[in-house]
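Asker: Mind looking at a prediction? Sequence and model below.
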Amino acid sequence: MTSDPAATPTSTAVRPEELTAVPVRHPGRWVAAGIILVLLAQLAHWLVTNPALNWSIVGKYLLEDSILQGVERTLLLTVIAMAMGILIGIILAVMRLSPNPIVSGVAWIYIWLFRGTPVIVQLIFWYNLPTVLKSVSLGVPFGPSWFATDPQTLITQFAAVCLGLGLNEAAYMAEIARAGILSVDEGQTEASAALGMSKGLTMRRIVLPQAMRVMIPPTGNETISMLKTTSLAFVIGYAELLTTAQIIYARTFQTIPLLITASLWYLFLTSVLTVGQYYLERRFARGSLRNLPPTPLQKAFARFSGTREGSR
Amino acid sequence: MTEVTSTGTVTGTPMVKAEGVHKHFGSNQVLKGIDLEVAPREVFCVVGPSGSGKSTFLRCINHLENVDGGRLSVDGELVGYRQANGKLYELRDREVAHKRREIGMVFQRFNLFPHMTALENVMEAPLRVRKEAKSEVRDRAEKLLARVGMKDKSNAYPNQLSGGQQQRVAIARALAMQPKLMLFDEPTSALDPELVGEVLDVMRGLAQEGMTMIVVTHEMGFAREVGDTLVFMDGGVVVETGNPREVLLNPQHERTKAFLSKVL
């Protein structure tokens, strides 16, 4: 029997000596990075020093009252149009999955019609509807009416934008909701049925909450897209963010600075929505992930406190 | 009505009675005339090769599938239909749902609701379907989870549980509606072998408490030990019925012999 410890490598945990080798060089990467940095520096220099860009004007209008009101209206339009879209979209999705051919057929035609025509056309259409629709009334079909009004007073610029964007969005949301509903395992509805749950209850309590997880990423996309689409309101002159910027540069001829002002706001708002989407996805991942991913705040905290949790 | 079942016990109305039950999917005849009777408090095991129609028959009992021919009744009432003036009327969705409350079902793939904790899974139906008081339901749900040995996992989501644990929660969920009949559709077939025992233990306990159970299974040991009646199905018909210990030891029919020689 030998007493040499080196002869029994299994019993002693000696770290093997680390290799010292010259790593492969990547000169191409350095060249590419260099060229791109030079180009970026040029762009930055042009942005900062070009007097025509008038950064002081951008700064002046960024927090100007009418621009802020435009931002507020853009946000309001986004919220209303998306709320309409999601609500009507889910109803349309449930209708499309109905065994009644009339019900599913109507939903199909709605989606076909609103997806098949440009939103901008729909906006103009809703705004001009009063020219062909002389009165709106509520009553028995083909019978007496209890309430009638002139559509001119009903369809304001704001209402026309809401209708145009919301009803158009519903067609897209319907397809997103339908995909979400179909993604839920059939066993779930079977288990609900076996427990004596009605179809409506099953949809509300079991299917839709699970469909949400599939629906949220595309719905987030739609919301971000909607925020920008509200700028189409300019065709009927509703003063949201872009229209407000246009009104100002029509007067001052500072076109580019005001477009930059509007763009900075759009970028800021979409960034906020992106963060919101992350937290919403995290919330609806309950039950599908064993461990929820850490929030950026938790990650930052973990990094400061020195645990490795945040580095995953 | 008093009669003697195959197990020799004298009973009143059978819990489940099937007379010439037929079922087809398109041109595929799955059930070709099933006749059988399940007495209250009986543990009724159904075995057979895959495709023999045993799961389909089980799903007919709570009307997850509708019967195409013959008569099927639970506790003296027709499944899925109402008889009046010599005519059959299909039941409305709401009426079907109402009847299903009294029949618990456990699935091969558990089908727990993944967005709810174990406790919420068990509480869901009594709360939303029966609209019982929350404190009462919580009490009962906690007791049921304790009974299936899942008390310390009340707040776990299904995907944090093993297959055996999920199936035990699923059994508790079905029991929460206080059913008079429990249907088990191959409850251990999707489980790792070492997890089968814990689920069978829970089922054994249920049987001892006198629950009427219809169990579609491949667990011959369970059938022999706990079952009162064993039915062997093949090709959409009942081939052999009897006391599980006798049928498994001494099958009368050639097809039963062939099947058992493969699985035992």
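Answerer: Nice, thanks for sending it over. The structure presented is a predicted model; accordingly, all values stated were derived computationally and were not measured.

Asker: The one helix or strand A:Phe268 maps to: how far from the chain's middle?
Answerer: In this assignment (DSSP states H and E), A:Phe268 forms part of helix A:255-284. Centroid displacement of helix A:255-284 relative to its chain, using C-alpha atoms, centre = their mean, to the nearest Å, is 9 Å.

Asker: what comes up buried for the very next helix or strand once past it?
Answerer: Using DSSP H and E, the helix or strand that follows helix A:255-284 in sequence is helix A:296-305. Neighbour counts over helix A:296-305 (16 or more other C-beta atoms under 10 Å in any protein chain shown) mark A:Ala302 as buried. All C-beta spots, glycine's among them, are computed from the backbone N, C-alpha and C.

Asker: what angle separates helix A:296-305 from helix A:255-284?
Answerer: Inter-element angle recorded for helix A:296-305 and helix A:255-284: 80 degrees (by axes from the mean of the first three to the mean of the last three C-alpha atoms, to 10 degrees).

Asker: Who are the packing partners of helix A:296-305?
Answerer: In terms of contacts (3 or more C-beta pairs under 8 Å, 6 or more residues apart in numbering or on different chains; DSSP states H and E), helix A:296-305 is not packed against any helix or strand.

Asker: could I get the helix or strand of chain A with the lowest mean pLDDT in CSV with only the CA atoms?
Answerer: Ranked by mean pLDDT, DSSP states H and E, the helix or strand of chain A with the weakest confidence is helix A:296-305, at a mean of 70. Extracted C-alpha coordinates of helix A:296-305, given in CSV (Å, rounded to 0.1, in the frame of the first residue of the first chain):
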residue,chain,number,x,y,z
PRO,A,296,-36.0,44.2,-12.8
LEU,A,297,-36.2,45.8,-9.3
GLN,A,298,-35.6,42.4,-7.6
LYS,A,299,-32.7,41.8,-10.1
ALA,A,300,-31.1,45.1,-9.2
PHE,A,301,-31.6,44.5,-5.5
ALA,A,302,-30.1,41.0,-5.8
ARG,A,303,-27.1,42.4,-7.6
PHE,A,304,-26.5,45.0,-4.9
SER,A,305,-26.9,42.5,-2.0
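
Asker: near chain A, which residues of chain B show up?
Answerer: Neighbours of chain A within chain B, by C-beta under 8 Å from any C-beta of the partner chain: B:62, B:64, B:93-94, B:97-101, B:103-105, B:107, B:109, B:111-116, B:124-125, B:128-129, B:157-160, B:170, B:173-174, B:177.

Asker: Now a PyMOL select for only the buried ones of these.
Answerer: This is how PyMOL selects the buried members of those, with burial counted by 16+ other C-beta under 10 Å:
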select buried, chain B and resi 62+64+97+99+100+101+103+104+105+107+109+111+112+113+114+115+116+124+125+128+129+157+158+160+170+173+174+177
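
Asker: In strands, which of the residues of chain B next to chain A appear?
Answerer: B:103-105 (DSSP state E).

Asker: Neighbours of residue 263, how many?
Answerer: Picked chain A for this. Counted with other C-beta atoms under 10 Å in any protein chain shown, the neighbours of A:Ser263 add up to 14.

Asker: Can you look at chain B instead?
Answerer: 11.

Asker: Tell me who's in contact with it.
Answerer: Contacts for B:Val263 (C-beta atoms under 8 Å, 6 or more residues apart in numbering or on different chains) come out as B:218, B:220.

Asker: and residue 164, what element?
Answerer: Answering for chain A, as no chain was given. Using DSSP H and E, A:Gly164 sits within helix A:157-182.

Asker: Let me rephrase: I mean chain B.
Answerer: Using DSSP H and E, B:Gly164 falls in helix B:163-175.

Asker: for that helix, what is the average pLDDT?
Answerer: Across helix B:163-175, the average pLDDT comes to 97.

Asker: Now do it: everything it contacts.
Answerer: Under C-beta under 8 Å, 6+ apart, the answer for helix B:163-175 is A:191, A:194-195, B:104-107, B:110-112, B:118, B:121-122, B:124-125, B:141, B:144-145, B:147-150, B:153, B:158, B:161, B:182, B:187-188, B:190-192, B:195-196, B:198-199, B:202-203, B:206.

Asker: Going toward the C-terminus from that helix, what's the next helix or strand?
Answerer: Using DSSP H and E, the next helix or strand after helix B:163-175 towards the C-terminus is strand B:181-185.

Asker: can you pull the buried residues of that next one?
Answerer: For strand B:181-185, by 16+ other C-beta under 10 Å, it's B:181-185.

Asker: from these, which single one is nearest chain A?
Answerer: Using C-beta to the nearest C-beta, B:Leu183 comes nearest to chain A of these, at 8.1 Å.

Asker: Using CSV, write out every CA atom in stretch B:188-202.
Answerer: The C-alpha trace of stretch B:188-202 is given here as CSV (Å, rounded to 0.1, in the frame of the first residue of the first chain):
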residue,chain,number,x,y,z
THR,B,188,-53.1,5.8,-12.3
SER,B,189,-52.2,5.3,-15.9
ALA,B,190,-50.4,8.6,-16.3
LEU,B,191,-48.4,8.2,-13.2
ASP,B,192,-44.8,7.0,-12.6
PRO,B,193,-44.9,3.5,-11.1
GLU,B,194,-43.7,4.6,-7.7
LEU,B,195,-46.5,7.2,-7.4
VAL,B,196,-49.4,4.7,-8.1
GLY,B,197,-49.6,3.4,-4.6
GLU,B,198,-50.4,6.8,-3.0
VAL,B,199,-53.4,7.3,-5.3
LEU,B,200,-54.7,3.7,-4.8
ASP,B,201,-54.4,4.2,-1.0
VAL,B,202,-56.8,7.1,-1.2
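
Asker: Just give me the residue right at the centre of chain B.
Answerer: B:Leu183 (1.1 Å; C-alpha atoms, centre = their mean).

Asker: Excluding covalently adjacent residues, which one is nearest to that one?
Answerer: Counting by C-beta to C-beta, 6 or more residues apart in numbering or on different chains, B:Leu183 lies nearest to B:Met105, which is 4.5 Å off, once chain neighbours are set aside.

Asker: Tell me the buried residues within the contacts of helix B:163-175.
Answerer: Using 16+ other C-beta under 10 Å, the buried members of the contacts of helix B:163-175 are A:191, A:194-195, B:104-107, B:110-112, B:118, B:121-122, B:124-125, B:141, B:144-145, B:147-150, B:153, B:158, B:161, B:182, B:187-188, B:191, B:195-196, B:198-199, B:202-203, B:206.

Asker: in the chain, which spans are helices?
Answerer: Assuming you mean chain A. For chain A, the helices defined by DSSP state H occupy A:27-49, A:55-62, A:65-96, A:101-116, A:119-128, A:151-154, A:157-182, A:186-194, A:199-201, A:208-229, A:241-252, A:255-284, A:296-305.

Asker: hm, I was asking about chain B
Answerer: Using DSSP H, helices in chain B cover B:54-61, B:93-100, B:118-128, B:134-147, B:163-175, B:193-208, B:220-226, B:244-249, B:254-263.

Asker: What score does the nearest residue to A:Val119 once chain neighbours are set aside have for pLDDT?
Answerer: Spatial nearest neighbour of A:Val119, excluding adjacent residues (C-beta to C-beta, 6+ apart): A:Asn168 at 4.9 Å. Note on A:Asn168: pLDDT of 96.

Asker: List phi and psi for the residue lying farthest from the centre of chain B.
Answerer: Centroid-distance maximum for chain B: B:Asn85 at 32.1 Å, with C-alpha atoms, centre = their mean. The phi/psi pair for B:Asn85 (degrees, to the nearest 10) reads phi 50, psi 40.

Asker: next one: B:Gly26
Answerer: Per degrees, to the nearest 10, the backbone of B:Gly26 is at phi 60, psi -130.

Asker: Tell me how many other residues surround it.
Answerer: With other C-beta under 10 Å as criterion, B:Gly26 counts 5.

Asker: buried set for stretch A:133-146?
Answerer: The neighbour-count check on stretch A:133-146 (16+ other C-beta under 10 Å) flags A:Val136 as buried.
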